[in-house]
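Novice: how would this look folded up:
(chains A and B)
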Amino acid sequence: MRKTLTGFLSAVLAVGLGTLSLKAEPLAYPHKVVTLVTHSSPGGGSDVFLRELSKYLGKYIGATFIVENVQGGSGAKAVARVAAAPADGSVFYATTPTYIYTSLLSKPSATYKDLEPLVNLFADSEVIYTRADGPFNTLQDVIDKAKKERGRWGAANPASLERQAAEQLKRAAGVNAAIVTHEGGGDMMLNVMNGTLDIGIGEIQELRSQLAAGKIRLLATFNPERIPEKPEVPTVKESGFNVSLVKFRGLAGPKGLPDNVTKVWDEAIKNVLADPEYKARYTEEVLVPNYIPHAQYQAFITNFADTTEAFLKETGAVK
Amino acid sequence: MTTFWDILHLLTATPLVPVAILGLTWGILGGALPGISASITMALVLPFTYTMDPAMAIALLACVYIGAEYGGSIPAILIRTPGTNSSAATVIDGYELNRQGRAGEALGISLMSGVVGSLFGLAMLALLTEPLSWLALAFKPTSYFALGILGLSVIASMGGDSLLKGLASAVVGLMIATVGTDPISGVTRFTFDVADLLSGVEPVVVMVGLFALTELMSQSGSTSVTQLGGSIRIRLPGWAMMRKLRRSQAIGCFLGLFEGLTPGGGGSVAAFMSYNEARRWSKTPEQFGKGSEEGIAAPEAANNTVASTALIPLLSFGIPSSNSTAVLLGGLLMHGLLPGPRLFEQNPQVIDSLYVGSLIAIIAQIGVGVLILPACIWLVNRPRPYRAGFILALILSGLFTLNNSPFDLGLALALGLMGYLMRLARFPVLPMILGVVLGHMVESSYRRSLVLSGGDFHIFIEDPIAVGLLGAALFFIVFSLAREYRDARRTQLQETHS
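Specialist: Just a heads-up that it's a prediction; the model follows:
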């Protein structure tokens, strides 16, 4: 019931918005309806990403976009759903590092290897933050404390890129820190704000309200380059520790996508990222555009997965 | 500053009144359907809000939440199925009253206690958001662990005829809570390569299995053709009854306030704890479990309070403390609203319509309840074969919508069978449910605390909140054991004398 209802409504919405913007010529597409699958619940990260994207995609691709929430199994069920779908460009999955982690840690029936990466759109900004009235002003302060006594660092989820980032930073700096995992960024933010943790590592989106209120301070970002909207925040690399991460956000489909489909998407995603209205929206959410076309996306994902697997093996999380 | 004219404008020039009433009605219906939790009910209306005015959209979602928290008690009382996780405690005495043919009275009590809880919660939200938000910050991982232990200490007095059986049942519940992804290391435990088990067993599956399916099995097994009978009239509690319920409602409101502030629970912990506290402080504790009015009033006041106070950490920090508030957060973000202190300054109209809309919904709850409840009572008073078939179909379809997974259905049926066997062997099921509800919080915060301290147990006595809560838990356990011992001796003495 939930699926059909939300699907129907987003279809109506997409049609409505599509007719509003007839002046741009959308690219011809072999399917009238395209289903975008996410493992996140309605209102969650990937869900909001897809719904926002589908509002603007209609201008560039001649199809109607429906968002389908396939929850459960930390993404395993959504991946299985897409892997089993026909590889004709009618069904896609919203990728995030989660699907790599779940594939590696939980060994589900269908893994990231059963999907074909289509195109990447964004990189979420991963940052290190502390409470504004706390004792730390730079990342070096945090490292110094961890050298003298014992650091207390937070990561949002146990099997996540943030945890990996924390472990890598700890090694790069050669310090002793407890890495405390949480069940979501909100839970962790409370522990940073009440002083239980020295720092938290999380996505900048989740911190926006506290940043605006001046309650927390950004110390560094794990992005390879500084965040365009926060030019004063240095990267971890610039702070002297050779760790950088790309928390990608893109699309993947079943294996064997036809060329005419991937070409349309390459073109359309490039254009939608340049769309002024969409740009205003995603800039506000501090999403950094990171366009990777189909030809290079496979190699990017494989590389990401290999690095992650090597790391997980090293820490003993997988054998 | 909000003036009288702003409020008048909201009531007359915007569709706030119909939005609030529609939201509430939808929430009650969604909450009343087993398996459709408050968060799913809210998520279902989320797409409708895309094109709405942000202030109306947020008020709508908040009213759905209020309705859903109340609606969960309807099937809890009528068919022994908690509609939402947080109405599980209402099952105990609510269904008992229903069996005595007093369904109308039980529903009236839950309706009015819900209204009391909602009004209290809304008052706290509107007046004390700022100071209360700092209370949320005071809770550290050690405090959550202690809170969970305090919740589990309830088991000591829930065991029914045998403490040992109660503990055994609780341990099974705690074991079920360990299934899924390890909260600290992220490795999977007891999942047997089943993708459906990766995120663990949802408490609602356990509750529906152990309460509702067990009851259906028992009913099918009995040969008597008793008709529940009784009037389908809904009876709101009078002043005398409200006075009697005052204490239990106050307990519910107080515990609901705290649970709303703290991330994780979403109302079920407060509901169970207030049930137990209401019994502890009651003048007639022996009535609990046999159809006590207070046993409905306390948990219902608690979970309805949570529906408002859970918005405090959401609005002041942008932190959703439950799945339902996470949906509300999604709604805020979709409309480009960023929760936090600045929301109050930059978008006062959103806050105003949220408060006023909630108030309208709470008042309308009485009217909507009185209108739809007789139909619900009539429905469950049909001849037993029809009723049993209807309930089974309702429960199974509701469970299926949780994850669109047939696995959950099999799991619930297996748990139902287990509950039936437990009933035959006189094992209480409540401790098991409590174990499932609290196990995850106890385990993850215990281990998180020890990671923080590097394995040093002193961390638990360095946190004053944890010390207080653990002390209270210890006191309650000793108190319950002492009472049990005394009662046992008294019956023994009576037996020898007679």
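
Novice: so where's the stretch 301-450 of chain B shaky on pLDDT?
Specialist: Low-confidence segments of the stretch 301-450 of chain B (pLDDT under 70): none present.

Novice: In stretch B:468-475, which residues are buried?
Specialist: Across stretch B:468-475, burial judged by 16 or more other C-beta atoms under 10 Å in any protein chain shown covers B:L469, B:L470, B:A473. From N, CA and C alone the C-beta is placed, and that goes for glycine too.

Novice: which one among the residues you listed gets closest to chain A?
Specialist: In terms of C-beta to the nearest C-beta, no member of these lies closer to chain A than B:L469, at 16.6 Å.

Novice: nearest residue to that closest one other than its sequence neighbours?
Specialist: B:A146 (3.6 Å; C-beta to C-beta, 6 or more residues apart in numbering or on different chains).

Novice: so the one you found sits right up against B:P464, yeah?
Specialist: No - B:A146 lies out of contact with B:P464 (C-beta atoms under 8 Å); the separation is 10.3 Å.

Novice: Could you check which of the two has the larger neighbour count?
Specialist: B:A146 (27 against 11; other C-beta atoms under 10 Å in any protein chain shown).

Novice: Would you list the phi and psi of the more buried one?
Specialist: phi -60, psi -40 (degrees, to the nearest 10).

Novice: What residues does it make contact with?
Specialist: Taking C-beta atoms under 8 Å, 6 or more residues apart in numbering or on different chains, we find B:A146 in contact with B:F460, B:D463, B:I465, B:A466, B:V467, B:G468, B:L469, B:L470, B:A473.

Novice: And A:R249, by the same measure?
Specialist: Counting by C-beta under 8 Å, 6+ apart, A:R249 has contacts A:S46, A:F49, A:A94, A:T95, A:T96, A:N120, A:L121, A:F122, A:A123, A:D124, A:L287.

Novice: B:V194 too?
Specialist: B:F407.

Novice: got it, and A:F300?
Specialist: A:P117, A:N120, A:F248, A:I292.

Novice: Tell me how far it lies from chain B.
Specialist: 23 Å (C-beta to the nearest C-beta, to the nearest Å).

Novice: And what about that residue, helix, strand or coil?
Specialist: Of the three states, A:F300 takes helix under DSSP: H, G, I helix; E, B strand; the rest coil.

Novice: Could you tell me how far it is located from A:T307?
Specialist: 11 Å (C-beta to C-beta, to the nearest Å).

Novice: can you list the residues of the stretch 101-250 of chain A near chain B?
Specialist: A:101-102, A:105-109, A:150, A:152, A:157-160, A:163, A:178-183, A:186-187, A:189-191, A:193-194, A:196, A:206, A:208-210, A:212-213 (C-beta under 8 Å from any C-beta of the partner chain).

Novice: In helices, which of these appear?
Specialist: Here DSSP state H is the test, and these give A:101-102, A:105-106, A:163, A:186-187, A:189-191, A:193, A:208-210, A:212 as lying in helices.

Novice: which two in those are spaced the farthest apart?
Specialist: A:S106 and A:A212 (36.6 Å; C-beta to C-beta).

Novice: hey, where'd the helices end up in the stretch 151-300 of chain B?
Specialist: Residue ranges of the helices in the stretch 151-300 of chain B, as given by DSSP state H, counting those that start in this stretch, are B:163-177, B:203-207, B:214-221, B:239-261, B:268-281, B:294-309.

Novice: what helices or strands is the second one leaning on?
Specialist: For helix B:203-207, the elements it packs on are helix B:384-403, helix B:406-424, helix B:430-453, judged by 3 or more C-beta pairs under 8 Å, 6 or more residues apart in numbering or on different chains; DSSP states H and E.

Novice: The first one too?
Specialist: Based on contacts counted as 3+ C-beta pairs under 8 Å, 6+ apart, the elements that helix B:163-177 packs against are helix B:430-453.

Novice: hmm, the helix it packs on touching chain A?
Specialist: Yes - applying C-beta under 8 Å from any C-beta, one finds helix B:430-453 touching chain A at B:S444, B:R448, B:V451, B:L452, B:S453.

Novice: could you dump the residues you listed to JSON lines with neighbour count and distance to B:N98?
Specialist: Shown next, in JSON lines, are the residues of helix B:430-453 next to chain A (neighbours: other C-beta atoms under 10 Å in any protein chain shown; distance: C-beta to C-beta, whole Å):
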{"residue": "B:S444", "neighbour count": "24", "distance to B:N98": "36"}
{"residue": "B:R448", "neighbour count": "26", "distance to B:N98": "41"}
{"residue": "B:V451", "neighbour count": "17", "distance to B:N98": "47"}
{"residue": "B:L452", "neighbour count": "21", "distance to B:N98": "47"}
{"residue": "B:S453", "neighbour count": "18", "distance to B:N98": "49"}
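
Novice: Residue of chain B nearest chain A, please.
Specialist: B:G330 (2.0 Å).

Novice: and the helix or strand that residue falls within with helix B:294-309, angle?
Specialist: Element membership of B:G330, judged by DSSP states H and E, is helix B:323-334. Helix B:323-334 and helix B:294-309 are oriented at 20 degrees to each other (axes from the mean of the first three to the mean of the last three C-alpha atoms, to 10 degrees).

Novice: Just the CA coordinates for whichever helix or strand comes after helix B:323-334, please, in CSV.
Specialist: Using DSSP H and E, the helix or strand that follows helix B:323-334 towards the C-terminus is helix B:341-346. Provided in CSV are the C-alpha atoms of helix B:341-346 (Å, rounded to 0.1, in the frame of the first residue of the first chain):
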residue,chain,number,x,y,z
PRO,B,341,17.0,27.7,17.7
ARG,B,342,16.9,29.8,14.6
LEU,B,343,13.7,28.1,13.4
PHE,B,344,11.8,29.9,16.2
GLU,B,345,13.1,33.3,15.0
GLN,B,346,13.0,32.8,11.3
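
Novice: buried stuff in helix B:341-346?
Specialist: B:P341, B:L343.

Novice: Whether the very next helix or strand once past it contacts chain A - can you check?
Specialist: Proceeding N to C from helix B:341-346, the next assigned helix or strand is helix B:348-380, under DSSP H and E. No - applying C-beta under 8 Å from any C-beta, one finds helix B:348-380 out of contact with chain A, separated by at least 13.7 Å.

Novice: can the buried residues of stretch B:468-475 go into CSV with extra columns for secondary structure and pLDDT?
Specialist: Converted to CSV, these look like this (DSSP: H, G, I helix; E, B strand; the rest coil; pLDDT from 0 to 100):
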residue, secondary structure, pLDDT
B:L469, helix, 91
B:L470, helix, 94
B:A473, helix, 89
